Every structure is written in structure tokens, then in C-alpha cells.
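Novice: 3D, please:
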Amino acid sequence: MKFVLAEPKLLKDSIGILSDLVSDVKIKFDSDKLEIVAMDPANVAMVIFKLLSSSFTEYEVGDGENIVVSLDSLKQILSRAKSSDSVLFELNEETNRLKIELTGETNRKFNLALLESQEKDQKVPSLDFSGAIELNTLVFNDAIDDMDIISDSIVLNLDKEGLTMESVGNTSDAKAHLKAIKEGAITCKSDDIIKAKYSIEYLKKISKGSKLASSVSLEFGADYPLKIEYKVQDKLQLTTILAPRVSND
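Specialist: Sure, this is the predicted structure:
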């Protein structure tokens, strides 16, 4: 197994976001991509990350290969990569370590110990969302920060006019109306307002996906999981499925 990444930011930023939610993960490889599917320890959020083979300048892996790594350890190594560096990953099966070589003005080599797989593979659930909207990531992040002043949860209300975010505290409340990034970027299968509540703590972690893309796609239903997705065309996809807060929270 050997692959080379000319844009370390793609993996560096993605691993930084993922490590806020999950720790040890299995990375699966096939001819088209590397993929991580993992659930956070509280079973509140599932992350699905795909980095396409087209992102690499060299990509030599066999279908069905996988490794288990500590994201915190991988994050620390990748944090040392400069934007102009190329990053080589190569598996040493004898030592069960992943060699990571950063090449730029200097050449630096790290050997990351791999872990034993302890858990069964996570299965991505099949979900039927009743509404969707595509937003500017900065607008989405600002609204989350606004709501965070008031409470630890956000109520999302979606209709054909846009998305309204509400937060209610003991003595205060806040509301923000967000328009879709472009005409036609809203889908509502019902004439009723689609409403659900989610944790701000998780949303703040997930919304760091703004480092990757300028737009974000939200899909959810009434008191239903929320799917948040960031994409870089022909390079990567970062998806999180967030469980709703119970209505009496």
C-alpha cells in the first residue's frame, strides 16, 4: 500500500474535523477511494469521509485493504505538513506501521503505529429525508454561533422560503433566517414546516467542515436525523449524520 498526496490540506483539515468526533478509526481502501465510517462514543453522530483516488498523485492500494489508526496521532503528524509539501503514505507490513513522509524544503519521516481492529464495521443507515437546503458555510457557521449565545440546542425549521434557526434559553431567545445559496437549492416534500432540534455542541464541531468547502448541504425531517455534507468536486466528501434532541429536552 502506497499513496502520495500533493495537497496535504485535503486530508489535514478533514482529519482535524473528524478527530473532534471520533478517535480510533478503520480506514478502508478500494480502487476509487479511501473511506472512514465511524460513530462517536455517545452514539450521537456518525461520520462518513471519502477521499477520492483522483486526489492523489500516486495511489497503489488493493481492494479490501484497511488499517486502523488513532486520529489524534495522525492529526499531530499531518499538522506538521506545510501547504507546499507532498505527503507519502506507505504501509510496512512487517512492523505494522504506516510510514508518513513529508517532502518540501526539508524531508521528514514519521512511522505511525497501527492499531488492532476492535469493533465491527459501521453500517450507514438508509434514511428518507423530507427536506433539504444548501447554504453558504460562513452564513451557517455564523447562525450557529449566534444561537450558541442563548442555549445548547438549535431548532431547525425548514419551508420553501428557507431555513429558520431558533434557540431558546431561560430568559432569552434568538432566531435567524437563512436563505438557500442559490435558487432551487431547497427541497420540501411537505407543505408543513419541517422542524427538529439538534445539539449546538455537535453542530459547532461539524461546521468546521467550512474549511473544506464554501457550501454545505443539510437534509433532515421532523424530529429526524440531520445529514450535513461538505463536498469538494472530484476530491472528497465529508458527511455527518446527527441524531435529533428529544422533544422534552
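
Novice: Determine the three-state secondary structure at Phe140.
Specialist: Following DSSP: H, G, I helix; E, B strand; the rest coil, the label given to Phe140 is helix.

Novice: didn't it look like it was pressed against Ser207?
Specialist: Yes - Phe140 lies in contact with Ser207 (CB atoms under 8 Å); the separation is 6.2 Å. Using the backbone N, CA and C atoms, a C-beta is placed for each residue, glycine as well.

Novice: Looking at the two, which one has more neighbours?
Specialist: Phe140 (26 against 23; other CB atoms under 10 Å).

Novice: what's near enough to touch the more buried one?
Specialist: If you count contacts by CB atoms under 8 Å, 6 or more residues apart in numbering, Phe140 has them with 178, 207, 210, 216, 218.

Novice: okay, these in TSV with pLDDT, secondary structure and distance to Met46 next?
Specialist: Listed next are those as TSV, based on pLDDT from 0 to 100; DSSP: H, G, I helix; E, B strand; the rest coil; distance: CB to CB, whole Å:
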residue	pLDDT	secondary structure	distance to Met46
Leu178	96	strand	24
Ser207	97	helix	16
Ser210	96	helix	20
Val216	97	strand	17
Leu218	98	strand	15
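
Novice: most surrounded residue in those residues?
Specialist: Highest neighbour count within the contacts of Phe140: Val216, with 25 neighbours (other CB under 10 Å).

Novice: Now do the helix or strand harbouring Lys28, average pLDDT.
Specialist: Assigned by DSSP states H and E, Lys28 falls within strand 24-29. The average pLDDT within strand 24-29 is 94.

Novice: Neighbouring strands of that strand in the sheet, and parallel or not?
Specialist: strand 33-39 (antiparallel), strand 66-70 (antiparallel) (DSSP bridges).

Novice: Which among these is found nearest to Ala132?
Specialist: When the strands paired with strand 24-29 are compared by CB to CB, strand 33-39 sits nearest Ala132, at 21.4 Å.

Novice: Nearest spatial neighbour of Leu21, chain-adjacent residues omitted?
Specialist: Once flanking residues are discounted, Leu21 sits nearest to Asp40: 4.8 Å by CB to CB, 6 or more residues apart in numbering.

Novice: Quick check: neighbours shared by Phe140 and Ser207?
Specialist: Val216.

Novice: Give me the buried positions along stretch 173-191.
Specialist: Residues of stretch 173-191 classed as buried: 174, 176, 178, 180-181, 186, 188 (neighbour count, 16 or more other CB atoms under 10 Å).

Novice: with those in mind, which one is nearest to Gln237?
Specialist: Nearest to Gln237, judged by CB to CB, of the buried residues of stretch 173-191 is Ile181 at 17.4 Å.

Novice: Can you give me every residue that contacts that closest one?
Specialist: Contacts for Ile181 were tallied using CB under 8 Å, 6+ apart; they are 134-136, 215.

Novice: got it, and Val246?
Specialist: With CB under 8 Å, 6+ apart, Val246 has no contacts at all.

Novice: Give me the contact list for the strand holding Lys28.
Specialist: Under CB under 8 Å, 6+ apart, the answer for strand 24-29 is 1, 18, 34-38, 61-71, 115, 117-119, 121.

Novice: per-domain residue ranges of this structure.
Specialist: 2-113, 131-242 (automatic domain parsing).

Novice: Let me have the ones you listed in a markdown table, extended by distance to Pro125.
Specialist: Putting those into a markdown table (distance: least, CB to CB, whole Å) gives the following:
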| stretch | distance to Pro125 |
| --- | --- |
| domain 2-113 | 8 |
| domain 131-242 | 7 |
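
Novice: Buried only: go through the contacts of strand 24-29 for me.
Specialist: The buried subset of the contacts of strand 24-29 (16+ other CB under 10 Å) comprises 1, 18, 34-38, 61, 67, 69-71.
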